[in-house]
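Asker: sequence plus predicted model, see below.
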Amino acid sequence: MVSIKNLIIVCILMINISNAQQYSFEHLSLEEGISYNLTYSVLQDSKGFMWFGTFYGLVRFDGRDYTHYKHTPYDSNSVSSDDIISLYEDKNGFIWVGTWSGGLNRFDPNQEKFTQYKYTISDTLSISDNLVYDISEDRLGRLWIATNNGLNRLVPASDPANNEKRDYFIRYLHDPANKHSINNNHVRVLSKDSKGRLWVGVNEGGLHYYDLENDYFIRLEEVTRDGSTSLIDIFEDDNKNLWLATWGGGLKKAQPIESDDGRVIGLRMNIFKNDPDDPYSISNNNIWSLEQDNSGNLWIGTYDGLNKFNPDEKTFDRYYHDEKNTNTLSSNKVSAITLDHSGVLWIGTFYGGIDRIVPGLAQFETFLHNPFDPRSLIDKEVNSLLEDRDSNVWVGTRNGITKIEKTDDKLHYKNIRFETKPEKTKANEITSFAEDFIGNIWVGTYDGLNCIYRNGHIERYNLPLLRFESEQGNIVTSLLIDNRGWLWVGTITHGLNLFDLNSKVYNSFKFDANDSSSISSNYVVSINEDREGNIWVGTYRGLNKLVLLSPSSGQPQVSFQRKFITTEGTLEITDKVFTVYEDLENNCWIGTNGGLISYDKITKKLTTYSESDGLPNDVICGILEDKDANLWMSTHRGIFKYNPQEKSFNNYYTLHGLQSNIFNPGSYFKNEQGKMMFGGINGFNSFFPENITRAAQIPPVVITSIKIFDKEKKYDKRINDLEEIELNYEENFFTIKFAALDYRLPERNQYYYFLEGFDRDWVYNETKNYASYTNLDPGEYVFKVRGSNSNGVWNEEGRSIRITITPPLWQTWWFKLMASIIVMIALLFVIYMIHRSEKRKTSFNKKLSELKLQALRSQMNPHFIFNTINSIQYFISCNDQESAFTYLSKFSKLMRQTLDNSAKSRISISRELEALQLYMDLQMLRFEKRFDYTIDVDPNIDIHYSEIPTMLIQPYIENAINHGISKKKSKGHIKVVLEKLNSSLRCVVEDDGVGINKSKEQKKGKKQGHTSSGMRLTRERLTIINTGKNNDSFISVVDRSEQEPDCSGTRVTINIPMEMQN
């Protein structure tokens, strides 16, 4: 049984959590693309890319795409091990990778290759151990490596003092006889401070300072006097203090004491340890990682939670994983923390993936529900908000009211629930608030109207329901005290009601199908008043303007105007209207479930806005205006600020500190000081608009890859480091990918691109980080791209790269000239030979035969071409651009190969197979994947240097599809087998279709609209090829059922003469 003391501690702990500044943790995990959820290290390189060292490989991230680097056995250019525990970028831009058991690696980003450094017993100049904990440089730029068996310094081959002509390591090991050696070989952490001093932390050895001039180490005993000797991380803050993460000894703050010559002669120590009775102490004494954010806050990753240190109070805010809240820390074991250039804090965890938060990005104050904390909301879902004349905040939830009173700069929470009968379960589901002229608070609920009088007395006022009306008629949705002091009550089924505050009598206004001046629906969603005193009523069937016909509040006469005069004629708004707001310019803004509507009451101009115009979401829940005339709106996907003058949007999400991305209609309020409040499904946020910071840092823009026919093209350098690339004429179908390296909300970064020499103007690509071009002519081009961060701050300079597409040989001027000369000489030579000798006549006839072969090879079934084009057109009409582009690329490549091959009498087997695969892929598209295929090649065949006559096999595959597979009801299969037979190639094309015999029976009596001549032409070709030769070429076509009664289909066997390339 849990003791009372422990229960009290838990409650105090939860109170501490609720009072800490709240952050929304965004998660990267296996589902998003990282290779493993156990992350040891996080690094941002000088280009802006993020690197993650995981239990299962190295990962590079650009905000949208992941690149994985894994160990490949027997490949010395791959990373030596997948278990990566440390990362470091040196002054030359190389990424150094430390592993658990594979030693050290140097990654060259230009070559995309690794150089491995491993411990070798017989080599004293190798690294001293294969477990590499940490990597750093000293002020001279020399690389130091902390291992499980000593400290190492790399001496590169380029060092003038290196006589070994190779990279080697100098080892620094513990020597009991030398007080200036490290006092333990288990070296865990290295850190260079702002003065260039190298600090060394060892396991069970404490802290060391490296004396560069004397090349030895000074032990600082102050760190270990409390008995804790194992250092895991070292961090220097902005005030030059050293923070030491220990394993078991808590957090230590060390202030270096320097001599007159700048040497460290001692440390002033402060120690922070976990106190089980103090919820404001550090959460655990086992610490893995340390980092400081841009606001100067120190973050501590421990074995049990993430901590933020408050230096003024010397207290810690704790952040834990909560299974019920996806916006919390993904795991309590925090192994790595890194701050990137844009202020994002990256948090690596054990088995939780990687989290990121942005401390100080926005100043949203968050109020949440915590069942263990009486100083929190009574329930998490907030439906209504109000600040009264005494500055008390009333929070209406699905389970009662929380009244937040502020005295002496402290908040006091008071929970209020209405007494009701047990069966009245909806009485405390609050929907709306209104304050009357004398300070009484009127409360709308799912079970009627209540009033909380200033003296504390509570009275309930049910609506006057008729016998046939259901209890839904008593559900109050919205309230308004107008400038006359009248109370308007909106309901779900009872329409709009005017409640007389004196007589306590309702006057109801309901929908009447026979009266066009009645309200458009009995389901009232919102009630708002403009400066002229007009009442605007939003319903589930549109917007109504209430027109008061008589001044009496007791029995007023009203009508409802549903249609409004606009510049485009009379218009009726029929969407669900959640809110109506009149701005300082007297424009009317209408929030609906289908977007935002602006109505200029003077010009009668009506403008609509939707997600395509920049809204984060089309459901507009609340609208407020700040002193600078910016509109702030809550939606079902965050909050956004709209600047009507600039027509610009700034969007804010959970990452910025919101309670959730989903807000509730009607749950918003602005007080007299300009403070805004918006409520949602997980609490509410309050803020002063002028305090909401906008990320103004310009993001670096990089080109990440170029793909030719969906295959990435590699260069000697990273493509972003190249100024120019060259493509041949066959590579004119390509996709360029790019990224703006700002990680606050990378999925909201935006792009413009422009291909100079092709595009007429810049192309706005929204948030898509790629551009595709097809069938570009040979020539010179310049590709340019610009990017922005999620708040629309643009890098106008962007990135550019020159692209040259070289023409084919036959399109060059010198080739055309030479070809003309050669043709003329050839013609003269042929004429001369015809007249000189009969033997030349034979040669001439042979040339004619070869021309005939070319003509035969160039034939391809036009039905196949037309059907393929129709299939591609179908994908385009379905807006399936990816499939259309894929098959258009394959079709274009097949056509180009067919044209190229038709000019040749023989081609390599590999080229023939490539054409066959393209042909069958396109036929699979045409027949909607009603068959599949396999190609088996004898390993004794050298497919790259063995040549066969062009396009001998394709007609039989065409025949198998058209006369075998297409007539089969179930899915079919085609098998192609290539075997070496002496100097010939035996090709077997086998299908499981209906077979020859059955196909002939089905054709009887049917008029044949088209007869394929492919097989007949192929036989003629083989006859011509064999003229004057002695070989065993033949073609055999048999019905499989004749040889194998249980099988169906056709087997074609072709013996093809095969030659080796010269």
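Answerer: Everything's here; your move.
Asker: only C-alpha atoms from now on, for both contacts and neighbour counts.
Answerer: Fine.
Asker: ok, residue 217 touching residue 199?
Answerer: No - counting by Cα atoms under 8 Å, residue 217 sits too far from residue 199 to count as a contact (9.3 Å).
Asker: where do the contact lists of the two overlap?
Answerer: Common contact partners of residue 217 and residue 199 (Cα atoms under 8 Å, 6 or more residues apart in numbering): 208, 209, 210.
Asker: dump those into JSON lines; add distance to residue 482, neighbour count and secondary structure as well.
Answerer: Formatted as JSON lines, the shared contacts of residue 217 and residue 199 follow (distance: Cα to Cα, whole Å; neighbours: other Cα atoms under 10 Å; DSSP: H, G, I helix; E, B strand; the rest coil):
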{"residue": "208", "distance to residue 482": "73", "neighbour count": "23", "secondary structure": "strand"}
{"residue": "209", "distance to residue 482": "73", "neighbour count": "21", "secondary structure": "strand"}
{"residue": "210", "distance to residue 482": "75", "neighbour count": "20", "secondary structure": "strand"}
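Asker: okay, these in JSON lines with pLDDT and distance to residue 997 next?
Answerer: What follows is the shared contacts of residue 217 and residue 199, written out as JSON lines (pLDDT from 0 to 100; distance: Cα to Cα, whole Å):
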{"residue": "208", "pLDDT": "94", "distance to residue 997": "89"}
{"residue": "209", "pLDDT": "92", "distance to residue 997": "90"}
{"residue": "210", "pLDDT": "95", "distance to residue 997": "89"}
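Asker: specify which member of those is nearest to residue 719.
Answerer: Residue 719 lies nearest to residue 210 out of the shared contacts of residue 217 and residue 199, by Cα to Cα, at 39.8 Å.
Asker: what sits opposite that closest one in the beta ladder?
Answerer: Residue 210 forms beta bridges with residue 217, as assigned by DSSP bridges.
Asker: what segments of this structure are helices?
Answerer: 4-19, 813-836, 838-857, 862-877, 881-902, 909-926, 954-960, 996-1003, 1014-1025, 1040-1043 (DSSP state H).
Asker: if you count neighbours, what's buried in the last one?
Answerer: What that stands for is helix 1040-1043. Using 16 or more other Cα atoms under 10 Å as the test for burial, helix 1040-1043 gives 1040, 1041.
Asker: OK, contacts around residue 243?
Answerer: Residues near residue 243 by Cα under 8 Å, 6+ apart: 234, 235, 236, 237, 251, 252, 253, 254, 290.
Asker: hmm, 7 Å instead?
Answerer: Counting by Cα atoms under 7 Å, 6 or more residues apart in numbering, residue 243 touches 234, 235, 236, 252, 253, 254.
Asker: residues near the fifth one, how many?
Answerer: The number of residues packed near residue 253 is 20, by other Cα atoms under 10 Å.
Asker: could you do the last one as well?
Answerer: The local packing of residue 254 (other Cα under 10 Å) involves 20 other residues.
Asker: hmm, residue 272 and it touching each other?
Answerer: No - using Cα atoms under 7 Å, residue 254 is not in contact with residue 272; the gap is 11.5 Å.
Asker: so what's the residue count around residue 767?
Answerer: Around residue 767 sit 17 other residues, with neighbours defined as other Cα under 10 Å.
Asker: return the per-residue confidence for it.
Answerer: Among the per-residue scores, residue 767 holds a pLDDT of 89.
Asker: residues touching the closest residue to it other than its chain neighbours, list them.
Answerer: The shortest distance from residue 767 to any non-neighbouring residue, by Cα to Cα, 6 or more residues apart in numbering, is to residue 750 (4.5 Å). For residue 750, the contacting residues are 766, 767, 787, 788, 789, by Cα under 7 Å, 6+ apart.
Asker: could you pick out the buried ones from those residues?
Answerer: Using 16+ other Cα under 10 Å as the burial test, the contacts of residue 750 include 767, 787, 788, 789 as buried.
Asker: same list (those residues) but as JSON lines, adding distance to residue 396.
Answerer: JSON lines is the format used below for the buried ones among the contacts of residue 750 (distance: Cα to Cα, whole Å):
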{"residue": "767", "distance to residue 396": "38"}
{"residue": "787", "distance to residue 396": "43"}
{"residue": "788", "distance to residue 396": "39"}
{"residue": "789", "distance to residue 396": "36"}
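Asker: residue 1038: which of those is nearest?
Answerer: For these, the nearest to residue 1038 is residue 767 (57.5 Å; Cα to Cα).
Asker: quick one: the strands in the stretch 551-700 of the chain, in order.
Answerer: In the stretch 551-700 of the chain, the segments counted as strands under DSSP state E, counting those that start in this stretch are 558-561, 563-566, 569-572, 577-582, 587-592, 595-600, 606-609, 620-625, 631-635, 638-643, 648-652, 663-670, 676-680, 683-687.
Asker: most neighbours per residue, which of these?
Answerer: Most buried of the strands of the stretch 551-700 of the chain, by mean neighbour count (mean count of other Cα atoms under 10 Å): strand 676-680, with a mean of 28.
Asker: name the nearest of the buried ones among the contacts of residue 750 relative to residue 517.
Answerer: Nearest to residue 517 out of the buried ones among the contacts of residue 750 is residue 767 (Cα to Cα; 46.3 Å).
Asker: what's the closest non-adjacent residue to residue 305?
Answerer: Among residues not flanking residue 305 along the chain, residue 332 sits closest, at 4.2 Å (Cα to Cα, 6+ apart).
Asker: isn't that neighbour up against residue 318?
Answerer: No - taking contacts as Cα under 7 Å, residue 332 lies outside contact range of residue 318: 10.4 Å.
Asker: higher neighbour count, the two?
Answerer: Between residue 332 and residue 318, counted using other Cα under 10 Å, residue 318 has the larger neighbour count: 26 against 21.
Asker: in the sheet, who's paired with residue 270?
Answerer: residue 253.
Asker: hang on, the earlier thing: mind putting the contacts of residue 750 in a markdown table, distance to residue 384 included?
Answerer: Shown next, in a markdown table, are the contacts of residue 750 (distance: Cα to Cα, whole Å):
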| residue | distance to residue 384 |
| --- | --- |
| 766 | 35 |
| 767 | 35 |
| 787 | 39 |
| 788 | 36 |
| 789 | 34 |
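Asker: which single one of the residues you listed is nearest to residue 822?
Answerer: Of all the contacts of residue 750, residue 787 has the smallest distance to residue 822: 53.0 Å, by Cα to Cα.
Asker: and the spatially closest residue to the closest one that is not a sequence neighbour, how many residues sit next to it?
Answerer: Nearest residue to residue 787 in three dimensions, chain neighbours excluded: residue 751, at 4.5 Å (Cα to Cα, 6+ apart). Residue 751 is flanked by 27 other residues according to other Cα under 10 Å.
Asker: isn't residue 751 right up against residue 770?
Answerer: No - the pair residue 751 / residue 770 is not scored as a contact, 9.0 Å apart, by Cα under 7 Å.
Asker: what's the domain layout of the chain?
Answerer: The chain breaks down by automatic domain parsing into domains covering 33-173, 701-807, 858-1060.
Asker: now the end-to-end length of the second one.
Answerer: The distance separating the two terminal residues of domain 701-807, taken as Cα to Cα, to the nearest Å, comes to 31 Å.
Asker: residue 207 versus residue 834, what's the distance?
Answerer: From residue 834 to residue 207 the distance is 97 Å (Cα to Cα).
Asker: then residue 459?
Answerer: To residue 207, residue 459 is 70 Å away according to Cα to Cα.
Asker: so the two - more neighbours on which side?
Answerer: The neighbour count for residue 459 versus residue 207, taken as other Cα under 10 Å, is higher for residue 207 (27 against 12).
Asker: pLDDT at that one, what is it?
Answerer: pLDDT, read off for residue 207, is 94.
Asker: measure residue 950 to residue 812 for me?
Answerer: Per Cα to Cα, residue 950 is found 26 Å from residue 812.
Asker: what of residue 156?
Answerer: As judged by Cα to Cα, residue 156 and residue 812 stand 49 Å apart.
Asker: from the chain's centroid, how far away is stretch 979-999?
Answerer: Per Cα atoms, centre = their mean, to the nearest Å, the displacement of stretch 979-999 from the mean C-alpha position of its chain is 49 Å.
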